[in-house]
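Participant: this is a predicted model, with the sequence first.
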Amino acid sequence: MQNKKRIALFGSTGSIGTQALEVIRANPGLFEAEILTAQTNADLLIQQAIEFKPNAVVIGDDNLYKKVKEALAETAVKVFAGEKALEEVADFDNYDMMMAAIVGYAGLKPTLKAVQKGKALGLANKETLVVAGDIVMNTAYEKRTPIIPVDSEHSAIFQCMVGEGRNKIDKIILTASGGPFLGKKPNFLVNVKRDHALQHPNWSMGAKITVDSSTLMNKGLEMIEAKWLFNLQPEQVQVVIHPQSIIHSMVQFEDGSIKAQMGLPDMKLPIQYAMAFPKRVKNDFPRLDFKKYSTLSFEEPDLKTFRNLALAIEALQKGGNLPCIMNAANEIAVWAFLRNRIGFLDITAVVEKTMEHTAFISNPTLEQYFESDGEARNFAASLIKM
């Protein structure tokens, strides 16, 4: 009997985390949840811990430690709390793979810790590579840490490259649904409210990533992530709008041949693929029926209207700490938009002004990335008067 793969699920109560637990629940002979972490959703974390019996849980918010500790007092689960505990638990030896599903910059430090330990990484947190891609990938190379992408687009590219060995890539083509406002112009977008932006046509995701999809910032973050993951030049990463979300992304090789990975929009597939890699595991997920999709269409993104994507392309091309600055400003702006503090188009304005204002560093150290992140957040917050 093969040993089960022990999964450390960082961000277990979010969209990716809960779906990863569905995969574990469906395959108890293959996987077990060894570590679970959440930021503030103590109730769900407690439920998950009682069902999956992990070795340890972390609640990021210190104020909720007592609640979680008392609820799990009758179990053997170890309970930790606080931001520092995320890094400390990531440094444990008792897991085989980290699923990095913490949203945003908060995922960087524990993810980097797992990479430094040489633990296999299922990467669902794109901001880690956007903020400090050079440092994360160089560390992974030194420590021989396998990084398997969980984002549907990067998983698609990864799957297209399996078996291609040293065959050279000409370019990769990231597909984007276009989000709920595809084809809309600024005179429409100026009135968009939180609830409109959270209605994604194809994917069920957390609030932050859903807003990022509606502004096309998500695709910009994915372009930067792809550059680092697949060791590409900025000009080798392209975006095409594909409203049906059936082709998850494509790779064009130097002979001109294009490989695409296709399927229904369902995050459980890339999650399961990353966890079970290199095996494919049988499942009962819904199957794509081509008869129901008579048309697959493609178009150029509208960079004039959705300027977040243009700003991300600028950050991708210039490099240095600019993607880190852009990401920090975007996290603050989306936070404010979700609380109805700013309008939809203000998100782009905050990001653009912060990118112009914050000092550029072409080859930052990890410490300088942390400083740039803090500086950009403070400036973005001052624009919003938080």
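Facilitator: It's in.
Participant: may I have the strands that pair with the helix or strand harbouring Val79, each with its orientation?
Facilitator: In this structure, Val79 sits in strand 78-81 according to DSSP states H and E. Taking DSSP bridges as the criterion, strand 78-81 forms sheet pairs with strand 56-59 (parallel).
Participant: what's the following helix or strand after the partner strand?
Facilitator: Next element after strand 56-59 (DSSP H and E): helix 65-71.
Participant: alpha carbons of that next one, as CSV, please.
Facilitator: Extracted in CSV, the C-alpha atoms of helix 65-71 (Å, rounded to 0.1, in the frame of the first residue of the first chain):
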residue,chain,number,x,y,z
TYR,A,65,-7.0,31.5,19.3
LYS,A,66,-9.0,30.8,22.5
LYS,A,67,-12.1,30.0,20.5
VAL,A,68,-10.3,27.5,18.2
LYS,A,69,-8.2,26.0,21.1
GLU,A,70,-11.3,25.4,23.3
ALA,A,71,-13.3,23.9,20.4
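Participant: tell me how far it lies from the chain's centre.
Facilitator: 29 Å (C-alpha atoms, centre = their mean, to the nearest Å).
Participant: what packs against it?
Facilitator: helix 42-52, strand 56-59, strand 78-81 (3 or more C-beta pairs under 8 Å, 6 or more residues apart in numbering; DSSP states H and E). C-beta here means a position set from N, CA and C on the backbone, and glycine is covered the same way.
Participant: most packed of those?
Facilitator: strand 56-59 (a mean of 26; mean count of other C-beta atoms under 10 Å).
Participant: contacts for that strand?
Facilitator: 34-40, 42, 45, 48-49, 65, 68, 72, 77-82, 85-86, 89, 92 (C-beta atoms under 8 Å, 6 or more residues apart in numbering).
Participant: and for stretch 321-331?
Facilitator: 104-105, 127, 130-133, 208, 212, 217, 220-221, 224, 308, 311-312, 314-316, 347, 350-351, 353-355, 358, 360-361, 364, 368-369, 372-377, 379-380.
Participant: pLDDT below threshold where in the protein?
Facilitator: 1-2, 386 (pLDDT under 70).
Participant: pull the longest helix from it.
Facilitator: Of all the segments of type helix in the chain, defined by DSSP state H, the longest one is helix 366-384.
Participant: what comes up buried for that one?
Facilitator: In terms of neighbour count (16 or more other C-beta atoms under 10 Å), helix 366-384 has its buried residues at 366, 368-373, 375-377, 379-381, 383-384.
Participant: just checking, Pro146 touches Ala120?
Facilitator: Yes - applying C-beta atoms under 8 Å, one finds Pro146 in contact with Ala120, separated by 4.8 Å.
Participant: tell me, how many residues neighbour Lys385?
Facilitator: Using other C-beta atoms under 10 Å, Lys385 has 8 neighbouring residues.
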